[in-house]
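Chemist: below are the sequence and a predicted model; questions follow.
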Amino acid sequence: MNPDDLHTYVPAAIDTSEVDLPASLELLTDRLAANVHEQWAMKRLIEGWRYGPARDDIAKLHPCLIPFHAMDNRRKRPIAAL
């Protein structure tokens, strides 16, 4: 790898919307989604964000700064898609 490539790296998500996983992997995908949420929440809390009923970027409030298991499926769905 060319060292200059490291400075121009632009991450891009992989489209997995067409992937069908067997039911036997459902627990694993749920655990991975919960872990992604925990990592995101830890980062936000370190940055000074806290829970708020509506997102407010100026006040650093976010309605998803709650435990993953307490989130409704509408909010969990985008995380599980990661």
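Modeler: Sure, I can see it. Numbering: from 1, shown residues only.

Chemist: can you give me the strands in the chain?
Modeler: For the chain, applying DSSP state E gives strands covering 50-51, 61-62.

Chemist: tell me the most buried of those strands?
Modeler: Ranked by mean neighbour count, those are led by strand 61-62 with a mean of 18 (mean count of other C-beta atoms under 10 Å). All C-beta atoms are positioned from the backbone trio N, CA, C, and that covers glycine.

Chemist: show me what that strand is in contact with.
Modeler: Outside of strand 61-62, the residues within contact range by C-beta atoms under 8 Å, 6 or more residues apart in numbering are 44, 49-56.

Chemist: of the strands of the chain, which is nearest residue 36?
Modeler: strand 61-62 (15.1 Å; C-beta to C-beta).

Chemist: what's the mean pLDDT across the closest one?
Modeler: Computed over strand 61-62, the mean pLDDT rounds to 96.

Chemist: those helices in this protein, which residues are they?
Modeler: Ranges of helices in the chain, per DSSP state H, are 3-7, 26-46, 73-80.

Chemist: circling back: residue 14: which of the strands of the chain is closest?
Modeler: strand 61-62 (25.7 Å).

Chemist: for that closest one, the distance to its chain's centre please.
Modeler: 15 Å (C-alpha atoms, centre = their mean, to the nearest Å).

Chemist: which one of the strands of the chain lies closest to residue 7?
Modeler: Among the strands of the chain, the nearest to residue 7 by C-beta to C-beta is strand 61-62 (31.4 Å).

Chemist: now do stretch 64-80: distance to the chain's middle.
Modeler: On C-alpha atoms, centre = their mean, the centre of stretch 64-80 falls 9 Å from the chain's centre.

Chemist: look at residue 27 and report its pLDDT.
Modeler: On the pLDDT scale, residue 27 gets 89.

Chemist: one step back: drop anything exposed from the contacts of strand 61-62.
Modeler: Taking 16 or more other C-beta atoms under 10 Å as the criterion, what is buried in the contacts of strand 61-62 is 44, 49.

Chemist: in CSV, list the contacts of strand 61-62 along with distance to residue 69 and pLDDT.
Modeler: Formatted as CSV, the contacts of strand 61-62 follow (distance: C-beta to C-beta, whole Å; pLDDT from 0 to 100):
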residue, distance to residue 69, pLDDT
44, 18, 96
49, 20, 97
50, 19, 97
51, 15, 96
52, 20, 96
53, 19, 94
54, 22, 95
55, 21, 95
56, 24, 97
